[in-house]
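Q: sequence first, predicted coordinates after that:
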Amino acid sequence: MTKPQIYFNEVNERQGEFGRRAFIFGGLMGLGVVALGGRLAQLQVIQNSRYTKLSDNNQFDFRLTPPPRGLIIDRNGVVLASNRPDFRLLVTRDEHTKPEEVMDRLAVLLDLDDAHKRRAIADIKLAPKRAPVAVMEDMTWEEFSRINVRAPELPGVTADMGEVRVYPFGGAFAHVIGYVAKVSDKDVPKVGPIDPILLNPGFRIGKQGVEKSFDAQLRGKAGARKVEVDVKGRVVRDDPAGDIPSTAGATIQLTLDVDIQNRALEVFGEESGAAVMMDCRTGDVLCLVSAPSFDANRFVKGLTGPEYQALSGYERKPLFNKALTATFPAGSTFKTMVALTALEAGVSPNKTHTCGGAFPFGGHVFHCDKSHGTLNLHQAIVTSCDIFFYQTALEVGPDAIAATARKFGINQTFDELHIPQKAGTLPDTAWKQRTFHERWWPGETPSFGIGQGALAVNPLQLCVMCARIANGRKALMPRLVKSIGGKEMPPGDAVADIAVDPAHLAFVRQAMADVVTSGTAAATAKLGLGPIMMAGKTGTAQAHTYKGSRGTVHMDWAMRDHAWFIAFAPVDEPRYAMAVLVEHGGWGASAAAPRAAEIMKVALLKDPEIRARIVTPVASASDQAVGANPDEPLADGAAPPEPTPIPGAAQQPTAPPSLPQNEPQ
Amino acid sequence: MTVSALTRPGERDRLIVKLANIDWTFTLLLTLIAGVGGVMLYSIAGGSWLPWAAPHVIRFLGCLVLMTLLAVMDLRVWFALAYPIYAVGLLLLFAVALVGHSALGAQRWLDLGPIRIQPSEIIKIGLVLALARFYHSLSGRNARLSFWLLIPVALIGLPAALVAKQPDLGTALLIAATGGVMMILAGLSLRVVTVGLVGLVAVVPAAFMFVLKPYQKARLLTFLDPEADKSGSGYHIMQSKIALGSGGLLGKGFGLGTQSQLNFLPEKQTDFIFASLAEEFGFVGSMAVLLLYVAVIIMALRIASVSHSHFGRMAAAGVTATFALCLMINGAMVMGLAPVVGVPMPLLSWGGTVMITVMVGFGLVQSVRVHRYSEVTSGRGAIL
């Protein structure tokens, strides 16, 4: 190793310059670190709260927890719609998810057919990232635990417990309560804020009936589960302290009575029609049935294409709420209105007309079903003589009849029901001018007088009409919703008196009572409940214009007449009023009246005061009973009586003839 | 066993004396920083030695041995190897440009069977050595302003251009800046420095328009307005700032940094490890680490300025400049003051190659200290 050499030339100069500049460089670096420190202080000390919030936003996520949907109960508290637990399989997509692979792996664990797999894959692909998609619902407990055990091997797959709507009575309330179904694009508002709960997997909203009208009240308020998530949105930890509880939806109590409603659907069997019953003291709707019906639970699950086609293609239209939207001529039930119009116009109830079976007027011959001879108004109602009412209608004119009918609710829709209705048609001269730009021809009046022609009413309207006649004083309004979340809704009797002389109403009531004791419905509308009697009026509405003679039974179903019956009971102290329609059922007396009697019996026997009246005079009442022993149902309390055989009623009362295998072709 | 300029000649060459003359305080500071790195890597792995903390610590201990070996290596060996190392580095850079292994869209690695070489790291040391050797034999007057200065410009420009071509803009800037700092320390005329800085300001927009690749432009634009693009490039900066800011004065606590533990912080173990640190240990903790870095820089600059040889001075200062610029660039990037460029935090970040480079550099600094009284002749009297 050589000796180190020391050179002094220029070295000091270079060293001095280097030293100065190194010092400055060190100083600059020091300044740089001070700048970094300043920045740190700005971020960490001054803006700390802002960034803490942002960090929390990253770290915590609130997962919506859907609120339990409000119950729907009947007037006595029987549950008509509730929620049951539902084990669901959710798949959440992220960047790496391959839906086909996920479904193939799930198919090993669960029973999934190819169609189901394809549908699920499409759903997953459509869903936004990190939004869970329900690929299977209603798993068994076994399937649910199988998935949970394998969860670590199945990224993005979770099995959770949700709730799903259940309708314990299946079809009986399907038209009134409606159903809930999955949210579709149409349900999400295009503008304005979207309730985020709508995007929750498997969330369902009301699509029909009460479920739809009161969706906001039933839905409740969503809560949230606070979770800690990683950058991929996967839940790392739960933070129960931060959870926001959900608020259950309000309970809605309907005025309906489950026993009456169920019996009403039963008595229709395979027939098509509707029955509406109101308490004629309060206006409460006790029964609102449309037949045939369908199982609303199927809609909750989601109907398959063929199922839906079977329901919508069936000629007896199970999806249609006939009680509110089927409008037909009122037939002879409308004679009550014509009679009231005559009385109000000052026509004497003793004035007589003679029926010879035919009535020529204006170049046309109007017929009656038989030759009734000379009748006064009372007899004409009891025997339902058409010729008497052709002439009475001509006497008072169409406008007066329409005015009376309007007072009784014909051609009205009742917002109090909160379910869409069809108003139908109530013809008068102004209507004729408005609609056809033509004057009312006198030749149209006779058929209006017997509830035919352009007149079209729905069963609810006829029930309201009957209830107002039976009430005798008030222009009663129907009420379907008794209370929402414990808050009582306004009753139907908080209304003004009807502008008709009560004596005239009493006259019509007496005539209706005699219809059942000795008139058109004498053989078919007896209750067999001793002193408790029913009053009513039959109606047979033409479904089309006849050429030649009128037939009812042997014709094609779609050509037969519509059968009506309006009724109230008890005669002496009316409590329940109803209207029954049997679509294409034939004669009102034979198709509608017996069904009305059956339904009415259920209501009467549930009423403790009525029961007391029947029980006391047991001995004397027994000889009046026809077809049923009054003692028997009373022995076990409120059980409805054994049904008397009804023509056309099938022996499978609860299952609606809606599915393909039941479809009569 | 203190030594001085007047120590008996043979005495300074004894191994024990050399070992005693290694700056052990300085070594302790480096160990502290690397230890903090180990602690952070342990924390962000969710309280686990694997996959980062244990290899990091073991690697550092290995590098410490390497540094000691290099520290006792005669400065004249360094001197003799200066140009060869630079030449090898440059050749490898050419090679990587031709047949390099591409990772993340950039050709940075050279795959040599079992080992992968990152030539840009070799050239960092090579450039410092080459410039130190060049300036050692250049007079102060010529270092100020002369045509000779075209040589260091070329020595800096060639590797910087090759690295930028890879493309690795961060390292290219680091190489160019280190070279620039060394030229200034060597005595470059301040007038030229001023003109150069003004020229740079003029050239930057043009370079932005015509030289940068689209992703580099995007990063720069994102840096100017990070909140405009929260999910793309701006995400890194935003998440880093959230990590820092939410740390507050005292931090969220060891192992409790949600930004890094839940992976919101990207590259949490490499480029953004300082953000993890600041999140868990707050302003106090991150300032303490910054002060450790400042101490390292000052001590290294002091070692440089007491060296008797110009080669030693320049070499130690060059290593220090690289280290300090790394710190500044990474710090500014993590705090949202500079665009996201791939420059790690020296000693703190996960990554073997970078750590070896840093520790070889500090081996050179220690060697300068151990041999501070030795004079290095240009060429003659060489060991090799």
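A: Structure's in. What do you need? Residues are numbered from 1 along each chain as shown, chains lettered A, B, ... in the order given.

Q: excluding covalently adjacent residues, which one is nearest to A:Arg263?
A: Closest residue to A:Arg263 apart from its sequence neighbours, by CB to CB, 6 or more residues apart in numbering or on different chains: A:Val602 at 4.6 Å. Every residue, glycine included, has its C-beta placed from N, CA and C.

Q: C-terminal to whichever helix or strand the one you found is part of, what's the next element?
A: Here A:Val602, judged by DSSP states H and E, is contained in helix A:593-606. Downstream of helix A:593-606, the first helix or strand assigned by DSSP H and E is helix A:608-615.

Q: can I get that next one as PDB, trimmed to CA atoms?
A: Extracted in PDB, the C-alpha atoms of helix A:608-615 (Å, rounded to 0.1, in the frame of the first residue of the first chain):
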ATOM      1  CA  PRO A 608    -124.900 -11.700  20.100                       C
ATOM      2  CA  GLU A 609    -128.000  -9.600  20.300                       C
ATOM      3  CA  ILE A 610    -129.500 -11.300  17.400                       C
ATOM      4  CA  ARG A 611    -128.500 -14.700  18.900                       C
ATOM      5  CA  ALA A 612    -130.300 -13.800  22.100                       C
ATOM      6  CA  ARG A 613    -133.400 -13.000  20.100                       C
ATOM      7  CA  ILE A 614    -133.300 -16.400  18.400                       C
ATOM      8  CA  VAL A 615    -132.500 -18.400  21.600                       C
END
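
Q: now that helix, how far from the chain's geometric center?
A: Remark: helix A:608-615 is offset 33 Å from the chain centroid, using CA atoms, centre = their mean, to the nearest Å.

Q: where in chain B is pLDDT low?
A: B:1-7, B:9, B:100-116, B:219-233, B:377-384 (pLDDT under 70).

Q: name the SS class of whichever residue of it sits closest to chain A, please.
A: Distances between chain B and chain A by CB to the nearest CB are smallest at B:Gly245, namely 2.4 Å. Using DSSP: H, G, I helix; E, B strand; the rest coil, the structure places B:Gly245 in helix.

Q: any idea how many residues pack against it?
A: Close neighbours of B:Gly245, defined as other CB atoms under 10 Å in any protein chain shown, add up to 29.

Q: spatially nearest residue to it, not counting backbone neighbours?
A: The shortest distance from B:Gly245 to any non-neighbouring residue, by CB to CB, 6+ apart, is to A:Tyr51 (2.4 Å).

Q: what about the strands in chain B?
A: B:101-103, B:106-112, B:115-117 (DSSP state E).

Q: what sits against A:Gln42?
A: If you count contacts by CB atoms under 8 Å, 6 or more residues apart in numbering or on different chains, A:Gln42 has none.

Q: which SS state does it fall under?
A: Following three-state DSSP, A:Gln42 is assigned to helix.

Q: pLDDT score assigned to it?
A: With respect to pLDDT, A:Gln42 scores 92.

Q: what does the one 4 residues further on give?
A: Among the per-residue scores, A:Ile46 holds a pLDDT of 91.

Q: residues near it, how many?
A: 10.

Q: SS state for the residue nearest to B:Gly245?
A: Assignment for A:Tyr51 (three-state DSSP): helix.

Q: compute the number of surrounding residues for it.
A: Neighbours of A:Tyr51 (other CB under 10 Å): 21.

Q: how close does it get to B:Gln259?
A: Taking CB to CB, to the nearest Å as the measure, A:Tyr51 falls 9 Å from B:Gln259.

Q: where do the contact lists of those two overlap?
A: In contact with both A:Tyr51 and B:Gln259: B:242, B:246, using CB under 8 Å, 6+ apart.

Q: could you list the low-pLDDT ranges of chain A?
A: Residue ranges of chain A with pLDDT under 70: A:1-12, A:95, A:129-130, A:544-555, A:616-665.

Q: now do the contacts for whichever residue of it sits closest to chain B.
A: Residue of chain A nearest chain B, by CB to the nearest CB: A:Tyr51 (2.4 Å). A:Tyr51 sits next to A:43, B:241-242, B:244-246 when contact means CB under 8 Å, 6+ apart.

Q: how many residues are close by the closest residue to B:Glu11 other than its chain neighbours?
A: Nearest non-adjacent residue to B:Glu11, counting by CB to CB, 6+ apart: B:Val17, 6.1 Å away. B:Val17 is flanked by 17 other residues according to other CB under 10 Å.

Q: I figured B:Val17 hits B:Val72, correct?
A: No: the pair B:Val17 / B:Val72 is not scored as a contact, 9.7 Å apart, by CB atoms under 8 Å.

Q: what about A:Gln253, which SS state?
A: What three-state DSSP gives for A:Gln253 is strand.

Q: quick one, what contacts B:Ile125?
A: B:85, B:89, B:319, B:357, B:360-361, B:364.

Q: which among the residues you listed gets closest to A:Ala323?
A: Closest to A:Ala323 out of the contacts of B:Ile125 is B:Thr357 (87.2 Å), distances taken as CB to CB.

Q: do you know how far that closest one is from A:Phe507?
A: 114 Å.

Q: neighbour count winner among the two?
A: Set side by side, B:Thr357 and A:Phe507 show more neighbours around B:Thr357, with 24 against 18, by other CB under 10 Å.

Q: list the contacts for the residue lying closest to the more buried one once chain neighbours are set aside?
A: Leaving aside its chain neighbours, B:Thr357 sits nearest to B:Glu121 (4.3 Å; criterion: CB to CB, 6+ apart). Counting by CB under 8 Å, 6+ apart, B:Glu121 makes contact with B:353-354, B:356-357.

Q: any chance of the residues you listed in TSV, plus distance to B:Ala278?
A: As requested, the contacts of B:Glu121 are exported to TSV (distance: CB to CB, whole Å):
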residue	distance to B:Ala278
B:Thr353	25
B:Val354	20
B:Ile356	26
B:Thr357	25
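
Q: just curious, which of those residues is nearest to A:Ile205?
A: Closest approach to A:Ile205 among the contacts of B:Glu121 (CB to CB): B:Val354, at 58.4 Å.

Q: what about the helices in the stretch 1-150 of chain B?
A: Per DSSP state H, counting those that start in this stretch, the stretch 1-150 of chain B carries helices over the ranges B:15-21, B:24-44, B:53-72, B:75-99, B:119-136, B:140-144, B:150-165.

Q: wait, which of those is closest to A:Phe62?
A: Closest approach to A:Phe62 among the helices of the stretch 1-150 of chain B (CB to CB): helix B:24-44, 26.2 Å.

Q: what about A:Ala241, neighbour count?
A: 6.

Q: helix, strand or coil for it?
A: Applying three-state DSSP: A:Ala241 is helix.

Q: list phi and psi for the closest residue to it other than its chain neighbours.
A: Spatially, and ignoring its direct neighbours in sequence, A:Ala241 is nearest to A:Lys226 (7.6 Å; CB to CB, 6+ apart). The phi and psi values for A:Lys226, taken as degrees, to the nearest 10, are phi -90, psi 120.

Q: do A:Leu64 as well
A: According to degrees, to the nearest 10, A:Leu64 has phi -60, psi 140.

Q: what about it, distance to B:Val319?
A: According to CB to CB, A:Leu64 stands 57 Å off from B:Val319.

Q: who has more neighbours out of the two?
A: Between A:Leu64 and B:Val319, B:Val319 has the larger neighbour count (other CB under 10 Å), namely 28 against 18.

Q: contact partners for the more buried one?
A: So B:Val319 contacts B:125, B:128, B:300, B:361-362, B:364-365 (CB under 8 Å, 6+ apart).

Q: tell me which two of those residues sit farthest apart.
A: B:Ile125 and B:Ala300 (14.7 Å).

Q: the residue nearest to A:Thr97 when sequence neighbours are not counted: neighbour count?
A: If the residues on either side of it in the chain are set aside, A:Thr97 comes closest to A:Gly156, at 5.5 Å by CB to CB, 6+ apart. Residue neighbour count, defined by other CB under 10 Å, stands at 19 for A:Gly156.

Q: repeat for B:Gly196
A: Using other CB under 10 Å, B:Gly196 has 15 other residues around it.

Q: from B:Leu188, how far off is it?
A: Counting by CB to CB - B:Gly196 and B:Leu188 are separated by 9 Å.
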